[in-house]
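Colleague: Provided below for reference: sequence and predicted model.
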Amino acid sequence: MSKIWLSRLAQIQTTIRGFKAGNVFYLRDCISCPQALWGRWFREMVDRGAIPGVVYYGKDTYGVNLYQRV
């Protein structure tokens, strides 16, 4: 992984630590067009279990991926 991806992942993990268990959230980086690749990559990491304490929750009515802190 490139340093940019690792840096973004570190930022996201810091943000996620601020959520309490049960909180459902979305990642702003994952919904804008230029970041579509980031969003797909993050979802894949969550599905693989590489993001501790986070599971895929589903999509909202706009098709935005939602995640839940567990």
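Modeller: Received, thanks. Not measured: the values here are computed from a predicted model.

Colleague: All the helices of the chain, in order from the start?
Modeller: Along the chain, counting by DSSP state H, helices occupy 3-17, 36-48.

Colleague: between those helices, which one is nearest to residue 63?
Modeller: For residue 63, the closest of the helices of the chain is helix 36-48, at 10.9 Å, according to Cβ to Cβ. Bear in mind the C-beta positions are built from the backbone N, C-alpha and C, glycine included.

Colleague: need the helices of the chain in CSV with mean pLDDT, can you?
Modeller: Conversion of these to CSV gives the following (pLDDT from 0 to 100):
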stretch, mean pLDDT
helix 3-17, 77
helix 36-48, 83
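
Colleague: Which of the ones you listed sits closest to residue 57?
Modeller: Nearest of the helices of the chain (Cβ to Cβ): helix 36-48, 9.7 Å.

Colleague: now that closest one, how far from the centre of its chain.
Modeller: Helix 36-48 sits 7 Å away from the centroid of its parent chain (Cα atoms, centre = their mean, to the nearest Å).
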